[in-house]
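Peer 1: sequence unknown, structure follows:
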């Protein structure tokens, strides 16, 4: 057996150490920002904080949570996540179901599929999309963050591939018993596909929570920004042109510990759903990509 | 209304007769409407790349200028530079984005301590789900002139402060390295799946023939996962103009435009900040058209050589 060989044992230990170090390297930046957020102002601004808080205190969080701009943006983010995920999933389900039928049973399936797949291959790009959203009078509306991305051909393909694995017999039995396609979808397909639906929903939620660019271009009133956009503009690029701030606010924002606390709060929802996400996405990824 | 007979097929009638398929068409309506408005209308909006678009004149009445905007793009030094930057950054990301996960999954596959393996996987997948806003905020702080990384390098190795985000070549390095850092874990998923599918009998046979682990890796493992490497490599061709807008936008600044500005960031600044709508659309359209042909070619190649198809 090869793993008894002395050379392999040496390799194994080095390999183990290397993998563990790489894994820890993936979360070091997060730990650093967490440490900064709990540190005292002076060491943080002087970049003295490594992976452990210096002069532990929770001032930064108290300031962040008394900042009404920040709290309002969290509400906007929650709203867009709920609306975006709900509408996105409904559209994906209603599209994936008909497209999962074989051509001989649903004429037009191929044409419809190409209609959606083409949107993965080609797009109008930034400016034309921006003009369309403007012409639809969606500027400064939450719908500008929800509707343009509601059709995701990629999600449709993943789900339709999953729907295809549902045994034909179950579906035929349901239809012969007189159930409509809507009922068949609701009572046969959806319960079977719960893991896939959970994966797609979580991915969509994460996507909406993380999106910042659409908020930046479609929403010109800073008080309607979602959290990611607020973080991007105020915290990362420090562009205060769109937000009315008193000088003392600016001073407060350029404080490293407050910045760190806001960045960390932005990451918390992702960390919270991550365990659930991880349970499913590996399977979902492999299902979608490696098929026979 | 004879809805009753339509939804309930009589005996002997196929369950898929036309009376039932109207429901399938109906289900597609919301998706089609949204796709038409937000995905196909903008494609039609690409006509402004051939105009001198004025918002108050609209798509129809704006003056037509033919290919002028495209000529301008290939004449302007800054747009050519941006196209070069995009190729270089995206190309480096593609090469290392395949290589690093490939090697990492081979190493991870050696672990027999399942708990450690799962722990490592859990940690390395995480950065993929973080947005570049969050990571950008952290990296700008970490990699600044007086940031913790430079302080460490200074006090441990006596290296002078490195301008990770302030000088063109270093910026490219930082962009590629941090993208690999964020995505390499996620990239191992497909390789690991392919590795678990390798037939154990092959390893037993190699063992019998006296092959050590290194020989087994060379002659069993690597050939077994080469097909998926080829497929992924081919498909990533379609990304050769995707240098990563989110990342660059959150990390760059005017100091590094020469080496770090890419098509997407350039089009954003030209279009939405300087309101040169038509020129920006032409630049974006150049990217869309080239990407389109590359993606189609890549998928056809993947289908031809590896019988890979997505649906």
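Peer 2: Ah, there it is. Everything quoted here is computed from the prediction, not taken from an experiment.
Peer 1: So what's the residue count around residue 146?
Peer 2: In the absence of a named chain, chain A is used. By other CB atoms under 10 Å in any protein chain shown, 22 other residues sit near residue A:146. (C-beta placed from N, C-alpha, C; glycine too.)
Peer 1: my bad, chain B
Peer 2: Around residue B:146 there are 10 residues (other CB under 10 Å).
Peer 1: Just give the closest residue to it, not the sequence neighbours.
Peer 2: residue A:47 (5.4 Å; CB to CB, 6 or more residues apart in numbering or on different chains).
Peer 1: can I assume the one you found is in contact with residue B:148?
Peer 2: Yes: Residue A:47 lies in contact with residue B:148 (CB atoms under 8 Å); the separation is 5.7 Å.
Peer 1: Overlap in contacts, those two.
Peer 2: Residues touching both residue A:47 and residue B:148 by CB atoms under 8 Å, 6 or more residues apart in numbering or on different chains: residue B:141.
Peer 1: re the thing from before, quick one: secondary structure of the residue nearest to residue B:146?
Peer 2: coil (DSSP: H, G, I helix; E, B strand; the rest coil).
Peer 1: measure it to residue B:79 for me?
Peer 2: 38 Å (CB to CB, to the nearest Å).
Peer 1: Kindly report the residues of the stretch 151-300 of chain B close to chain A.
Peer 2: Counting by CB under 8 Å from any CB of the partner chain, the stretch 151-300 of chain B comes close to chain A at B:151, B:181, B:185, B:189-190, B:193-194, B:207, B:212-213, B:216, B:228, B:245-246, B:249-250, B:264, B:267-268, B:271-272, B:277, B:280-281, B:284-285, B:287-289, B:291-292, B:295-296.
Peer 1: Buried subset of those, written for PyMOL?
Peer 2: This is the PyMOL syntax for the buried subset of those, where burial follows 16 or more other CB atoms under 10 Å in any protein chain shown:
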select buried, chain B and resi 151+181+185+189+190+193+194+207+213+216+228+245+246+249+250+264+267+268+271+272+277+280+281+284+285+287+288+291+295
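Peer 1: Quick one: list the elements packing against the helix or strand that contains residue B:201.
Peer 2: Residue B:201 is part of helix B:200-208, with elements assigned from DSSP states H and E. Applying 3 or more CB pairs under 8 Å, 6 or more residues apart in numbering or on different chains; DSSP states H and E, one finds that helix B:200-208 makes contact with helix B:213-216.
Peer 1: report the angle between the axes of the next helix or strand along the chain from the helix it packs on and helix B:200-208?
Peer 2: Counting by DSSP H and E, the element after helix B:213-216 in chain order, helix or strand, is helix B:222-235. Put simply, helix B:222-235 runs at 130 degrees to helix B:200-208, going by axes from the mean of the first three to the mean of the last three CA atoms, to 10 degrees.
Peer 1: Which strands and helices lie in contact with whichever strand or helix holds residue A:216?
Peer 2: Secondary structure assignment for residue A:216, by DSSP H and E: helix A:213-218. For helix A:213-218, the contact count by 3+ CB pairs under 8 Å, 6+ apart identifies helix A:126-135, helix A:143-146, helix A:227-230, helix B:245-251 as packing neighbours.
Peer 1: number of nearby residues for residue A:3?
Peer 2: Residue neighbour count, defined by other CB under 10 Å, stands at 11 for residue A:3.
Peer 1: ok, it - contacts?
Peer 2: Going by CB under 8 Å, 6+ apart, the list of residues near residue A:3 reads A:9, A:12, B:112, B:213.
Peer 1: isn't residue B:137 right up against residue A:236?
Peer 2: Yes: applying CB under 8 Å as the test, residue B:137 and residue A:236 come out as touching, 4.6 Å apart.
Peer 1: quick one: low-confidence ranges for the stretch 201-311 of chain B?
Peer 2: Low-confidence segments of the stretch 201-311 of chain B, defined by pLDDT under 70: B:310-311.
Peer 1: Thanks a lot, see you next time.
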